[in-house]
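Enquirer: Need the 3D shape of this:
(2 chains)
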Amino acid sequence: MATGTNTMTKDTILKVEHLSMKFGGLMAINDFSFEARRGEITALIGPNGAGKTTVFNCITGFYKPTMGMLTLKRSNNKEFLLERLRDFEINKVAGVSRTFQNIRLFSGLTVLENLLVAQHNVLMKASGFTILGLLGLPAYKNAAKAAIEKAEYWLEKADLTDRADDPAGDLSYGAQRRLEIARAMCTEPELLCLDEPAAGLNPKESLTLNALLRGIRDEGTSLLLIEHDMSVVMEISDHVVVLEYGQKISDGTPDHVKNDPKVIAAYLGVEDDEVEEIEEKLEEGTI
Amino acid sequence: MANGYQNVQEDVMAKAVKEGAIAGIIAFLMFLVFVGIETYQDINNQLVWRTRWGLLAVFVIVAAVGRFLTVGFIKPHLDKRKLAKAKTGILEVSEEKSFFHKHFLKIALVFLLCYPFLAMMIFGRQGSLKYVDNFGIQILIYVMLAWGLNIVVGLAGLLDLGYVAFYAVGAYSYALLSAHFGFSFWLLLPMAGILAALWGIILGFPVLRLRGDYLAIVTLAFGEIIRLVLINWTDVTRGTFGISGIAKATFFGIWSFDTGTANNFAKVWGLPASSVYYKMFLFYIILALCMLTAYVTIRLRRMPIGRAWEALREDEIACRSLGINTVATKLTAFATGAMFGGFAGSFFAARQGFVSPESFVFLESAVILAIVVLGGMGSLTGIAIAAVVMVGGTELLREMEFLKHVFGPDFTPELYRMLLFGLAMIIVMLFKPRGFVGTREPTAFLRTRKAVSGSFTKEGHG
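Expert: Numbers count the residues shown, from 1 in each chain, chains lettered A, B, ... in the order given. Here you go, the predicted structure:
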């Protein structure tokens, strides 16, 4: 690349460089750069309106960024520039899957069907783009069977096996969140982006979610998540990036970020000039 | 306790009288001008008016007494029954279905296969024409059209108000290709389907970005464009005169149904000459075409493309996030739906022997869409029932001679059929807002196949 900044290390899965997003006169994201590493849970946090979901929408192709480069590196060393892919190709080709802040399930389809829809591209190929499948060839039948087995595996993981044949709209809120994650995982992504997965969950559900996310990471899928619930962020993330007013203010391990005065200021809402004061106090150890 | 019960009953009666009186007053005010006063032309061709107090009184009394009976007797009775049922503690929903319910589809298919012969046995050779043609074939054409539109509207959730355009493309492809090249019905049938599918894709491309109301309006415009082209491109389509003398379908080229040919069906089999054989033959063709549509729809629903259609109806954004190419998915839905419309169109041309733009007006699209909505979007059985009710119903209303006894000898039931039809539709939608069959059959299941309640499925936003 011309800039020469694109030296992705071996364990980087997603590299966001100089990302800017403008809505009319509003600069929602301003020159934002960060890296997510393979096999890690990276959390993107920040106060309300900081631009976290905008970053997500840029990565997953729902917005075209005004400026910047989003590079994704798959495990076979192929690199994709996400901002140049068409919306559905980001999942199909680049292997990036996402969930939504306001859950988007196929509520009139059963839980199992939701997971089968997620395997659309695999099944489509197996059915010879419908033509061979219409003739009832065994190749498609086997693929359909394998798809159901994979769905069963994720149902088990998300603790939804008993509800497999119920409509997705009938599930409780927590179960819907888990189903959305299971559905995203059925596309076999390399990077799973979760937009506030713990929003609206009770503490017990939060704990099961943590276990589910750790399980996903341990199976080799990298995660990128937006979260407000600090107990979830600090508990499970390996790497935290903090965003405020569309700009990065901190980047590092959970412990590092937790003690960063800028982050504290952003979350407690102090004036800019007070940040220095807090910094001094921190050094003195009075906070 | 007994006293209290009596009080409740008195309250109910008082309420019933009150509501009855209110209903009577409202009816009086509403119908005073519409029913109470009639205008007519006198002998000098002047418009004069006279009053019809008697008829107005009938309307008011019916409203008042009806409301009184509903509030005073029917509702308490129903409530009591519901209460008694609740006390037994058994849920009303029973898993057991009656024999008829369970085997409904098989019974319906057997009935359809025997239908032309039954009609011939009961009404004789010429008498059965009406039942095979006006009822049988007419209803089945609409069943097929509605099943075709169901793929676009019911499954993919794309509101298409111009579906009749594909019907027209199919009919005119048959008429023109048959007239110019003399191709046979069996060659033209698939060709008409493919041509209509092509038009489906041509329509699909510009409207892909539109959703909901906007999509509906553009498809409506597309339907009108096709019709206006058919009217104005007189060199090819002969405009409003239409194309007549379209070749009849043959029995796979073995027997012909044209009178005077050597291999005429009736002549070969030594049967008395009658057009009923052709009608019966057409009946079985359209029945086979309907079965093909149903088979393909059922198979497609269990394939990834069918699931993607339904997923698209539920949530398009989620589809994109799962790597589904929504553009291609929408185009296939348009093309598949249009293809069946084209099949139906070419059949229509062969059956009528005449096509003109008059047959492809917006009302046709509206009726087909109404059948899909009334039947329950996505449900083949529901749509078939709705087609029987709507198309058969309007045909039956032509023959409502007994209504003359109610409204006097001047009453012409044919003129009121659209009104009655609209009324019936409103009533059905009030009681069955999701159509006759509101539930959705899942396409795959792990342990038990459970129908999905209509309250979860979405109508799609375009």
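Enquirer: so who does B:Val169 touch?
Expert: Counting by Cβ atoms under 8 Å, 6 or more residues apart in numbering or on different chains, B:Val169 touches B:192, B:195-196, B:199, B:226, B:338, B:341-342, B:345. Yep, even glycine has a C-beta here, placed from its N, CA and C like the rest.
Enquirer: Can you list the residue ranges for helices in the stretch 1-150 of chain A?
Expert: Ranges of helices in the stretch 1-150 of chain A, per DSSP state H, counting those that start in this stretch, are A:52-59, A:89-92, A:111-117, A:120-126, A:131-134, A:138-157.
Enquirer: Let's have those in CSV, adding distance to B:Gly422, mean neighbour count and mean pLDDT.
Expert: Formatted as CSV, the helices of the stretch 1-150 of chain A follow (distance: least, Cβ to Cβ, whole Å; neighbours: other Cβ atoms under 10 Å in any protein chain shown; pLDDT from 0 to 100):
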stretch, distance to B:Gly422, mean neighbour count, mean pLDDT
helix A:52-59, 46, 23, 87
helix A:89-92, 46, 22, 81
helix A:111-117, 36, 27, 90
helix A:120-126, 41, 20, 80
helix A:131-134, 40, 16, 68
helix A:138-157, 45, 16, 84
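Enquirer: residues near the residue nearest to B:Phe166 when sequence neighbours are not counted, how many?
Expert: In this structure, B:Phe166 finds its nearest non-sequential neighbour in B:Gly341, 3.3 Å apart by Cβ to Cβ, 6 or more residues apart in numbering or on different chains. By other Cβ atoms under 10 Å in any protein chain shown, the residues close to B:Gly341 number 32.
Enquirer: Output the contacts of B:Val169 as TSV; include the columns pLDDT and secondary structure.
Expert: Output for those, formatted as TSV (pLDDT from 0 to 100; DSSP: H, G, I helix; E, B strand; the rest coil):
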residue	pLDDT	secondary structure
B:Ala192	89	helix
B:Leu195	91	helix
B:Ala196	91	helix
B:Trp199	89	helix
B:Ile226	89	helix
B:Ala338	92	helix
B:Gly341	92	helix
B:Gly342	92	helix
B:Gly345	92	helix
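Enquirer: you'd agree B:Arg449 is in a helix?
Expert: No. Assessed with DSSP: H, G, I helix; E, B strand; the rest coil, B:Arg449 is coil; it does not lie in a helix.
Enquirer: A:Thr110 versus that one, what's the distance?
Expert: As judged by Cβ to Cβ, to the nearest Å, B:Arg449 and A:Thr110 stand 9 Å apart.
Enquirer: Show me chain A divided up by domain.
Expert: A:11-95+A:189-252, A:107-188 (automatic domain parsing).
Enquirer: picking that back up, who touches both of B:Arg449 and A:Thr110?
Expert: Residues touching both B:Arg449 and A:Thr110 comprise A:165, B:442, with contact defined as Cβ under 8 Å, 6+ apart.
Enquirer: Looking at these two, which one has more neighbours?
Expert: In terms of neighbours (other Cβ under 10 Å), A:Thr110 is the more surrounded of B:Arg449 and A:Thr110; the figures are 27 against 12.
Enquirer: circling back: quick one: the residue nearest to B:Phe166 and chain A, what's the gap?
Expert: Plainly put, B:Gly341 is 19 Å away from chain A if you go by Cβ to the nearest Cβ, to the nearest Å.
Enquirer: Thought B:Leu145 was touching that residue, still the case?
Expert: Yes. Using Cβ atoms under 8 Å, B:Gly341 is in contact with B:Leu145, at 6.2 Å.
Enquirer: what do the two both touch?
Expert: Common neighbours of B:Gly341 and B:Leu145 (Cβ under 8 Å, 6+ apart) are B:163, B:167.
Enquirer: Show the subsequent helix or strand relative to the longest helix seen in chain B.
Expert: What stands out as the longest helix in chain B, according to DSSP state H, is helix B:2-34. The element immediately downstream of helix B:2-34 (helix or strand, assigned by DSSP states H and E) is strand B:37-41.
Enquirer: Can I get that next one in PDB, CA atoms only?
Expert: Extracted in PDB, the C-alpha atoms of strand B:37-41 (Å, rounded to 0.1, in the frame of the first residue of the first chain):
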ATOM      1  CA  ILE B  37     -85.600   9.500   0.700                       C
ATOM      2  CA  GLU B  38     -85.600   8.300  -2.900                       C
ATOM      3  CA  THR B  39     -85.100  10.300  -6.000                       C
ATOM      4  CA  TYR B  40     -86.500   9.300  -9.400                       C
ATOM      5  CA  GLN B  41     -87.400  10.700 -12.700                       C
END
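Enquirer: before we move on, back to that, just name the closest of the contacts of B:Val169 to chain A, please.
Expert: The shortest approach to chain A among these belongs to B:Ala338, at 16.1 Å (Cβ to the nearest Cβ).
Enquirer: For the closest one, give me its contacts.
Expert: With Cβ under 8 Å, 6+ apart, B:Ala338 has these contacts: B:148, B:166, B:169, B:196-197, B:199-201, B:203.
Enquirer: Could you export those as TSV, including distance to B:Ile26?
Expert: Shown next, in TSV, are the contacts of B:Ala338 (distance: Cβ to Cβ, whole Å):
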residue	distance to B:Ile26
B:Gly148	44
B:Phe166	46
B:Val169	50
B:Ala196	50
B:Ala197	53
B:Trp199	50
B:Gly200	49
B:Ile201	53
B:Leu203	47
